[in-house]
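Novice: The following comprises the amino acid sequence and a computationally predicted model.
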Amino acid sequence: SAVISQKPSRDICQRGTSLTIQCQVDSQVTMMFWYRQQPGQSLTLIATANQGSEATYESGFVIDKFPISRPNLTFSTLTVSNMSPEDSSIYLCSGVRGAENTEAFFGQGTRLTVV
Amino acid sequence: GENVEQHPSTLSVQEGDSAVIKCTYSDSASNYFPWYKQELGKRPQLIIDIRSNVGEKKDQRIAVTLNKTAKHFSLHITETQPEDSAVYFCAAKKGFGNEKLTFGTGTRLTIIP
């Protein structure tokens, strides 16, 4: 599978500020996804990052809070805007090559703490 | 949308024994079922997957079985070792490429030496 480099790996942020998380894939992928994972919990899909168009958000997540960019087939960013302590979580990006290759692989995650 | 239930939430087994984790899914159109292992502080890693045209798949000590009629699938780990201790997630999706995965709630597996 391909390799995703995600950064930052962790950050501590002040409430009211924004943080942008980046994911770089070492080869082209058709789809990229952004997840949130609370400690000890499962992965919750935030949105599908669409190359060249607006992301598709899941119920409960909105673009103003989690703007996403995907300028090409190997790179995507997620911004957590106007942060509050409730945004403290692990954020993970994922890629899928598509077609025959259905494996979803993940970045190493960003552990965000909002104080 | 798809809903995936996973049981048990925690599982402890003696080293060398077998472990079984079960998942059920709601959407009969789902056709791809991966299992991920997540060690503490690490990213989820695919350990095995199965497609709906197959009933069972094995990879050394790990096997997955699928019952499409009952809409459930299971992960079997034999001869468990301490390094098998982790959280395991099942998932399901429709299609063979770009559709999103729906994850189960996870099982924390502890291998007792």
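Specialist: Received, thanks.

Novice: Can you tell me the centre-most residue of chain A?
Specialist: Using CA atoms, centre = their mean, the residue of chain A that lies closest to the mean C-alpha position is residue A:34, 3.3 Å off.

Novice: now whichever strand or helix holds it, how far from the centre of its chain.
Specialist: Residue A:34 belongs to strand A:31-37 when assigned by DSSP states H and E. Centroid separation between strand A:31-37 and its chain, computed with CA atoms, centre = their mean, to the nearest Å, is 5 Å.

Novice: Could you name the helices and strands sitting against it?
Specialist: For strand A:31-37, the packing partners by 3 or more CB pairs under 8 Å, 6 or more residues apart in numbering or on different chains; DSSP states H and E come out as strand A:43-49, strand A:75-80, strand A:89-98. The C-beta positions use only the backbone N, C-alpha and C, and glycine is treated the same way.

Novice: highest average neighbour count across those strands?
Specialist: When the helices and strands packed on strand A:31-37 are scored by mean count of other CB atoms under 10 Å in any protein chain shown, the highest mean neighbour count falls to strand A:89-98 (a mean of 23).

Novice: Using PDB, write out every CA atom in that strand.
Specialist: Below are the C-alpha coordinates for strand A:89-98, written out as PDB (Å, rounded to 0.1, in the frame of the first residue of the first chain):
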ATOM      1  CA  SER A  89      -9.200  14.300  19.500                       C
ATOM      2  CA  ILE A  90      -7.100  12.400  17.100                       C
ATOM      3  CA  TYR A  91      -7.500  13.300  13.500                       C
ATOM      4  CA  LEU A  92      -6.600  10.800  10.800                       C
ATOM      5  CA  CYS A  93      -6.500  11.000   7.000                       C
ATOM      6  CA  SER A  94      -7.000   8.000   4.800                       C
ATOM      7  CA  GLY A  95      -6.400   7.200   1.200                       C
ATOM      8  CA  VAL A  96      -7.800   4.600  -1.200                       C
ATOM      9  CA  ARG A  97      -6.400   3.900  -4.600                       C
ATOM     10  CA  GLY A  98      -9.700   2.800  -6.000                       C
END
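
Novice: name the helices or strands packed onto it?
Specialist: Based on contacts counted as 3+ CB pairs under 8 Å, 6+ apart, the elements that strand A:89-98 packs against are strand A:4-7, strand A:19-25, strand A:31-37, strand A:43-49, strand A:75-80, strand A:101-106, strand A:110-114.

Novice: Quick one: residues contacting residue A:19.
Specialist: For residue A:19, the contact set (CB atoms under 8 Å, 6 or more residues apart in numbering or on different chains) comprises A:11, A:13, A:79-80, A:83, A:112.

Novice: So which bits of chain B are right by chain A?
Specialist: For chain B, the contact set with chain A under CB under 8 Å from any CB of the partner chain comprises B:32, B:34, B:42-46, B:49, B:89, B:93, B:96-98, B:100-106.

Novice: Can I have the buried ones of those residues as a ChimeraX selection?
Specialist: Here the buried members of those are turned into a ChimeraX selection, burial being counted by 16 or more other CB atoms under 10 Å in any protein chain shown:
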select /B:32,34,43,44,46,49,89,93,98,100,101,102,103,104,106
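
Novice: Which ones among the residues of chain B next to chain A lie within helices?
Specialist: Mapping the residues of chain B next to chain A onto helices (DSSP state H) picks out no residues; all lie outside.
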